[in-house]
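**Student:** Below are the sequence and a predicted model for it; my questions follow.
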Amino acid sequence: MTIRKAAPGDENALGAVGAATFLESFVEDITGAAIVAHSQTQHAPEIYRTYLTADDPRYACWIAEYSATGAPIGYAVTCPPDLPVDLQDGDVELKRIYVFSRFHGTGAGKQLNALSVSHARGLNAPRLLLGTYEGNHRAVAFYKREGFVQIGTRQFQVGNELYDDIIMAMTL
């Protein structure tokens, strides 16, 4: 596996991995039509193109690739925070971090998270924030091991359903 900073032109790969990993992660929690519609809109290449071309330095994307083929297997995105908590000036949000489940345990998630933390520290951000589905116990445990603590909650809508997320922060 190799990880590199994503650049304009990577939006199709990021969108494909985003949609596929979202489906893989939540197929047991979200109804079929809603998860497909969410994946098509929230993981459209245009969304990632916006992240890749934004002027705000808090936007950054990394893509993990299978070394033998160069096929994408995971990614991470940071951005300005859009979370319902008291924000500190300069906070950065870890908007998305996903790795295909067959590559869990390879260190890809830890490396993507480390790049996100390093990026936020390089911007002198006071905290790195994230929101995650409270029912995604594996992700919550990962974030806790990485040094995040819960600081709030929010509801996240997919289709007509609301899901409870927790908001976590790592002081940098």
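**Tutor:** Structure's in. What do you need? Numbering: from 1, shown residues only.
**Student:** What separation is there between residue 108 and residue 130?
**Tutor:** According to CB to CB, to the nearest Å, residue 108 and residue 130 sit 17 Å apart. The way it works is simple: take the backbone N, C-alpha and C, and place the C-beta from them, glycine included.
**Student:** Check residue 139 too.
**Tutor:** From residue 139 across to residue 130, the span is 9 Å (CB to CB).
**Student:** repeat for residue 161
**Tutor:** Shown here: residue 161 relative to residue 130, a distance of 21 Å by CB to CB.
**Student:** quick one: which of the two has more around it?
**Tutor:** Legend: neighbour count by other CB atoms under 10 Å for residue 161 and residue 130, higher for residue 130 (24 against 12).
**Student:** and the residue at the greatest distance from the centre of the chain, helix, strand or coil?
**Tutor:** Among the C-alpha atoms of the chain, the one most distant from their mean position (CA atoms, centre = their mean) is that of residue 68, at 24.4 Å. Following DSSP: H, G, I helix; E, B strand; the rest coil, residue 68 is assigned to coil.
**Student:** Local confidence estimate at it?
**Tutor:** Looking at residue 68, its pLDDT is 97.
**Student:** Could you do residue 30 as well?
**Tutor:** Looking at residue 30, its pLDDT is 93.
**Student:** give me phi/psi at it?
**Tutor:** Backbone torsions of residue 30, given as degrees, to the nearest 10, read phi -120, psi 140.
**Student:** Okay, strands next: where are they in the chain?
**Tutor:** Using DSSP state E, the strands of the chain run over 2-5, 60-65, 72-79, 92-99, 127-133, 149-158, 161-171.
**Student:** and the residue nearest the centre of the chain, what does it touch?
**Tutor:** Central residue of the chain (CA atoms, centre = their mean): residue 96, 0.9 Å from the mean position. By CB atoms under 8 Å, 6 or more residues apart in numbering, the residues touching residue 96 are 18, 75, 76, 77.
**Student:** which residues touch stretch 22-32?
**Tutor:** Here stretch 22-32 makes contact (CB under 8 Å, 6+ apart) with 35-36, 38-39, 42-43, 98, 100-101, 133, 135-136, 158-159, 161, 163.
**Student:** Show the buried residues in those residues.
**Tutor:** 35, 38, 39, 43, 98, 100, 133, 136, 158, 163 (16 or more other CB atoms under 10 Å).
**Student:** Identify the farthest-apart pair in the residues you listed.
**Tutor:** Distances among the buried ones among the contacts of stretch 22-32 were taken as CB to CB; the most separated pair is 100 and 163, at 21.7 Å.
**Student:** Save the strands of the chain as CSV, and put in distance to residue 47 and mean pLDDT too.
**Tutor:** Shown next, in CSV, are the strands of the chain (distance: least, CB to CB, whole Å; pLDDT from 0 to 100):
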stretch, distance to residue 47, mean pLDDT
strand 2-5, 18, 98
strand 60-65, 11, 98
strand 72-79, 9, 98
strand 92-99, 10, 97
strand 127-133, 16, 97
strand 149-158, 15, 96
strand 161-171, 19, 96
